[in-house]
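Visitor: Sequence and predicted model, in that order:
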4 protein chains.
Amino acid sequence: MAVRTPDPDPNERDDEGAADPLRGFGGSYAGGSTSRSGDDGFGSPTPGSAANPGWLSEIELAEARRRLPILYVEAVPVRTDGTGAVTEVGILLRATPLGEITRSIVSGRVRYGETVRDALFRHLENDLGPMAFPLLPPQPVPFTVAEYFPIPGVSAYHDDRQHAVSLAFVVPVTGTCEPRQDALEVTWMSPQEAASDSLSAEMEGGRGTLVRLALASVGALR
Amino acid sequence: MAVRTPDPDPNERDDEGAADPLRGFGGSYAGGSTSRSGDDGFGSPTPGSAANPGWLSEIELAEARRRLPILYVEAVPVRTDGTGAVTEVGILLRATPLGEITRSIVSGRVRYGETVRDALFRHLENDLGPMAFPLLPPQPVPFTVAEYFPIPGVSAYHDDRQHAVSLAFVVPVTGTCEPRQDALEVTWMSPQEAASDSLSAEMEGGRGTLVRLALASVGALR
Amino acid sequence: MAVRTPDPDPNERDDEGAADPLRGFGGSYAGGSTSRSGDDGFGSPTPGSAANPGWLSEIELAEARRRLPILYVEAVPVRTDGTGAVTEVGILLRATPLGEITRSIVSGRVRYGETVRDALFRHLENDLGPMAFPLLPPQPVPFTVAEYFPIPGVSAYHDDRQHAVSLAFVVPVTGTCEPRQDALEVTWMSPQEAASDSLSAEMEGGRGTLVRLALASVGALR
Amino acid sequence: MAVRTPDPDPNERDDEGAADPLRGFGGSYAGGSTSRSGDDGFGSPTPGSAANPGWLSEIELAEARRRLPILYVEAVPVRTDGTGAVTEVGILLRATPLGEITRSIVSGRVRYGETVRDALFRHLENDLGPMAFPLLPPQPVPFTVAEYFPIPGVSAYHDDRQHAVSLAFVVPVTGTCEPRQDALEVTWMSPQEAASDSLSAEMEGGRGTLVRLALASVGALR
């Protein structure tokens, strides 16, 4: 099974029309946000691409992914009771570009000029829909830093495509999840189920371990 | 100025009628919760006290405070924006039993048989009122452990009355605060004000340091 | 099997001759440290006991344990490689007062007037010997707060004898462990073994969960 | 004053001859590590560069810095006492490429294929010398995530040159520091001095805030 982080082109495409986070920075980003990852071939840079260097073409992104660790944010959505104890964990069912079905969590790249917090919010909305009402934690510190390497075995996590370093958070969700994009469904399950070996085996890129560390960080792992 | 943790007798009295958290434990807590700290003199144990060993009389509690570290929970209430970033900090104005006015945060003892989470929730409700709607964090780990000693200088924190060890949390509050008991008022201020030397000087028992560590833990200290 | 935290009387006895941590506090602790937990019956307080209220007799401690949450520290000893990654976990083989053999970790009570850091160091030395050379972390924040209740099921942890709240730390150990007291032996094992169900089943009071959370906190749980 | 993160070209040059961290990955990195950042112009890729896509030329790195958040690690070196409490903080005196003298901490980029832990160790050795004997923490979680933006004001941190996201750690150092490269000297100071406004004003890119958060995380901020 091809193992990939779950925010490839489709995800990026979603951001069409999003405000350029660095527009206005010192006048150097005069171009509009009409150009961004997924739009422009590397061989034929469009004017937009030239004017807005904060966005990468697909090919440029592919190049960068072979040269630099790429920064990600990930979130394990949870339901909590009135005193904040975790009662349920949300696991995403996702279709890969190849049509395979895998299980995953909220995950995506941090863009140039974007804060970690904004990236986390953007990917929560992308993956859980606009009515999920996530409660982002006031702390900017992740429960773990997951390091995905292109070959398995270097760490608990791997990603065929790139070296990704992911800041992972537990995020309580209070609303209704209506996954968009390539996430088909959110399945809510007990912490025990979420920590089980069988679920872990279904999760892509070693994220079963990530879910267990998330549960441990909230004292919900036995 | 007499420096004391802010949950002495009045606070305990508030819990009148509260369910005994360990009632039903192995049949050994047959008594009702009619007896608890503040009710019974040490020399004349009432039947309630005998039946319900989970509660301490005032004198017994005073004795214990000279013999054992007493476990506390504390909370720095905050307001957050849509992405979880802290925008304001809530500081309590409190009248001590001697009529002095000091500044403090939410604070109180953990009772026998009570979880840390339940104690935190109980004291938030006591100090901020029933409409505060605090969002307790899913993580059971405090941002710091504050150690209060009976004489100043052993640590950053002191308490005339006892050796208290306090698990301190940052708690976002979404509702309206109507302090009860001895807390007169909640003042909302910017992180900068909350971290200022002038505010710190007004806070009891070294809690100015605690507020700064709270702000640091959420990245809101400069 | 009787489940108890592992620092009962024997452990306390070890501290004979230890300096009274609050001696010199405002002149009020004039007595020597000749009296401490385990020495004096409740009915016949000795002069030492009267002069040094920071120590509890066995009966007084037993009383307190039925009335107040008792503060503990616990440590999971680990070996690390040159870059700080955990390679091995130290599990104690311990004989209970009843002669049973159980597995546990470093654990003990925080005394009146003692800092958490000093208590942690004292119990590490008690349980691992004077040549263990533990490297206490600069952070005073535990990886979890374990709440032991007298009946099983309230939390993941239980203790027949008391309601104990334990601040749990991972502590790298660089020297040679020669357990003293009731700890018979330290067994070093891989993170995988330490996290296994079979080991977990042998550990007292739910500490298998504590070991897993410790491993999760250092990224060594899969 | 030009504000830059302190690991520009000179730092990269130091790695000459370092083993390629991904050499041997699936046979795809057949080239030697003779080519790495700083060697090759963008217009004339050398065979080494082609064979070893994990390294960036200076121009390529400059390009990437305008397009992607760049992952950094930073470390605040500390001295601790026997129980792990922080007694001193090490601040670097550094000469910028322009000959200016600024104060900073250990800081540097994470390379493609390199673990965060290895990057941290490499930059500690670069900046403090081979006899510093740093004790890397077993926990992979930073005390804060510092986000440096190219213009001041977006966060507490800024960097003229790039959007950098830095995982920041407190690292006890047990040996002798002999700074190499562009770091001229390590100055050891008390936590109070390190947290002072005057020192903070001398530190580059907002790292005065980072030092305060570091001190807060170890309970050494008042």
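Guide: Nice, I can see it. Numbers count the residues shown, from 1 in each chain, chains lettered A, B, ... in the order given.

Visitor: same for the lengthiest helix in chain A, what does it pack against?
Guide: With DSSP state H setting the assignment, residue counts place helix A:116-128 as the longest helix in chain A. Taking 3 or more C-beta pairs under 8 Å, 6 or more residues apart in numbering or on different chains; DSSP states H and E as contact, the helices and strands that helix A:116-128 lies on are strand A:70-80, strand A:106-109, strand A:164-172, strand A:183-189. (Each C-beta comes from the backbone N, C-alpha and C, glycine too.)

Visitor: let's see it at 6 Å
Guide: In terms of contacts (3 or more C-beta pairs under 6 Å, 6 or more residues apart in numbering or on different chains; DSSP states H and E), helix A:116-128 is packed against strand A:70-80, strand A:106-109.

Visitor: which residues of chain A fall in strands?
Guide: A:70-80, A:86-95, A:101-104, A:106-109, A:144-149, A:157-158, A:164-172, A:183-189 (DSSP state E).

Visitor: Work out the sheet partners of the fifth one and label each with its direction, please.
Guide: Sheet partners assigned to strand A:144-149 using DSSP bridges are listed as strand A:157-158 (parallel), strand A:164-172 (antiparallel).

Visitor: which of those sits most buried?
Guide: Across the strands paired with strand A:144-149, the average number of neighbours (mean count of other C-beta atoms under 10 Å in any protein chain shown) peaks for strand A:164-172, which reaches a mean of 25.

Visitor: Grab the CA positions of that one and hand them over as CSV.
Guide: Taking only C-alpha atoms (Å, rounded to 0.1, in the frame of the first residue of the first chain), the coordinates of strand A:164-172 have been written out as CSV:
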residue,chain,number,x,y,z
ALA,A,164,7.7,15.5,7.1
VAL,A,165,7.9,16.8,10.7
SER,A,166,4.5,17.1,12.2
LEU,A,167,3.3,18.9,15.3
ALA,A,168,0.5,16.8,16.7
PHE,A,169,-2.4,18.1,18.9
VAL,A,170,-5.4,16.7,20.6
VAL,A,171,-8.4,18.9,19.7
PRO,A,172,-11.8,18.6,21.4
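
Visitor: tilt between that strand and strand A:86-95?
Guide: When axes from the mean of the first three to the mean of the last three C-alpha atoms, to 10 degrees is applied, the directions of strand A:164-172 and strand A:86-95 differ by 130 degrees.

Visitor: Next up, the contacts around residue A:214.
Guide: A:76, A:143, A:170 (C-beta atoms under 6 Å, 6 or more residues apart in numbering or on different chains).

Visitor: Need those residues in TSV (columns: pLDDT).
Guide: What follows is these, written out as TSV (pLDDT from 0 to 100):
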residue	pLDDT
A:76	98
A:143	97
A:170	98
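
Visitor: If we ignore the residues flanking it in sequence, what's nearest the closest residue to chain C within chain A?
Guide: Using C-beta to the nearest C-beta, the single residue of chain A nearest to chain C is residue A:216, 3.3 Å away. Nearest-residue entry for residue A:216: residue C:216, 3.3 Å, with adjacent residues in sequence omitted and distances by C-beta to C-beta, 6 or more residues apart in numbering or on different chains.

Visitor: which residues does residue A:189 contact?
Guide: The neighbours of residue A:189, taking C-beta under 6 Å, 6+ apart as the test, are residue A:89.

Visitor: ok so, going back, which of the strands paired with strand A:144-149 has the lowest average pLDDT?
Guide: If the strands paired with strand A:144-149 are sorted by mean pLDDT, strand A:157-158 sits at the bottom with a mean of 94.

Visitor: Residue A:121 contacts residue B:85, doesn't it?
Guide: No - between residue A:121 and residue B:85 no contact is recorded; they are 10.5 Å apart, counting by C-beta atoms under 6 Å.

Visitor: Including mean neighbour count and distance to chain B, could the helices and strands packed on helix A:116-128 go into a markdown table?
Guide: As requested, the helices and strands packed on helix A:116-128 are arranged in a markdown table below (neighbours: other C-beta atoms under 10 Å in any protein chain shown; distance: least, C-beta to the nearest C-beta, whole Å):
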| stretch | mean neighbour count | distance to chain B |
| --- | --- | --- |
| strand A:70-80 | 23 | 6 |
| strand A:106-109 | 27 | 15 |
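
Visitor: Please state the offset of the longest helix of chain A from the chain centre?
Guide: Relative to its parent chain, helix A:116-128 has a centroid offset of 8 Å by C-alpha atoms, centre = their mean, to the nearest Å.

Visitor: Stretch A:194-212 too?
Guide: Centre-to-centre, stretch A:194-212 and its host chain are 16 Å apart (C-alpha atoms, centre = their mean).

Visitor: Stretch A:112-129 too?
Guide: For stretch A:112-129 - counting by C-alpha atoms, centre = their mean - the centre lies 8 Å from the chain centre.

Visitor: Alright, that wraps it up for me.
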